[in-house]
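Sequence and predicted structure below; questions after.
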Amino acid sequence: MHRYGVFASRWPLQDQTVWTIVNRNEFDVDERQISIAHRDGQRYFDLYHGKELTPEREGADDVLSFHLEAKGTALFWPRRRARRRPARTYVAHADADRTAAGQLFASVEDSTPATGCYRGHSALRHRARRYGQNSRGEFLFKMEGIEIEGGNDIGVDVQYPWENMPRRFHEHKLQIKPSISISTRLPIRRSKQFLDATTTIPRMT
């Protein structure tokens, strides 16, 4: 790349390549942008604006010049025909406000309270080092994302059911329902039986 703050990504597929360009500057950038190894008969098309780019030959490279909007993007592809219709909306005309898509957790229904013991439960209870009934109560859930980038901007990390948008820092008091806890040592075979009998895999939607 020839311009500071302008970055390119190369997307090869067999004998073709698509290039995406991003201008991270807060001002428009014109003229020389990128140098690409020359190939006889190669033509370049700006897929974002729907027009052909005319390269300037410099030694073994083709130098492409085009306009990039502030915070804008470009897309070009060496091919035989250009895109028939140019883009209808340019980045400069788009809303600059940050938006984020909401997230929903897959719904998992509560299990039916047990009225008896599944096979092997009685033996587990007999061998357990600790076995107890946990009463209902409150639990303070507090967590923060570990993303390197993004700060605390909306849309970073995940959205929990009590939140209206994804965010990086989370804190909420949860109501914990009664449960049974078992602490024991089990051979692998018995552990597998326990997991098969108790594990619920939520259906992805």
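It's in.

can you pull out the strands in the protein?
Assignment of strands within the chain using DSSP state E yields the ranges 6-13, 16-23, 32-37, 44-46, 51-53, 56-58, 61-65, 73-78, 130-134, 137-144, 169-176, 179-183.

Below-threshold pLDDT in this structure: ranges please.
Applying pLDDT under 70 to the chain flags the ranges 80-94, 113-135, 149-150, 180-184, 200-205.

Tell me how this structure divides into domains.
Using automatic domain parsing, the domain ranges for the chain come out as 6-84, 121-198.

Buried deepest among these, which one?
domain 6-84 (a mean of 14; mean count of other CB atoms under 10 Å). Using the backbone N, CA and C atoms, a C-beta is placed for each residue, glycine as well.

beta partners for Glu52?
Phe45 (DSSP bridges).

Assess the claim that Val22 and Phe7 are in contact.
Yes: between Val22 and Phe7 there is a contact at 5.1 Å, judged by CB atoms under 8 Å.

wait, doesn't Phe139 sit right on Lys177?
No: Phe139 is not in contact with Lys177 according to CB under 8 Å; the separation is 10.7 Å.

on that earlier part again, will you turn the domains of the chain into TSV that also has distance to Asp95?
Output for these, formatted as TSV (distance: least, CB to CB, whole Å):
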stretch	distance to Asp95
domain 6-84	12
domain 121-198	14
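
The ones you listed: which one's closest to Thr99?
domain 121-198 (7.9 Å; CB to CB).

centre of the chain versus the closest one, how much separation?
From the chain centre to the centre of domain 121-198 is a distance of 24 Å (CA atoms, centre = their mean, to the nearest Å).

that older thread, which one of the domains of the chain lies nearest to Phe105?
Once the domains of the chain are compared by CB to CB, domain 121-198 is nearest, at 5.6 Å.
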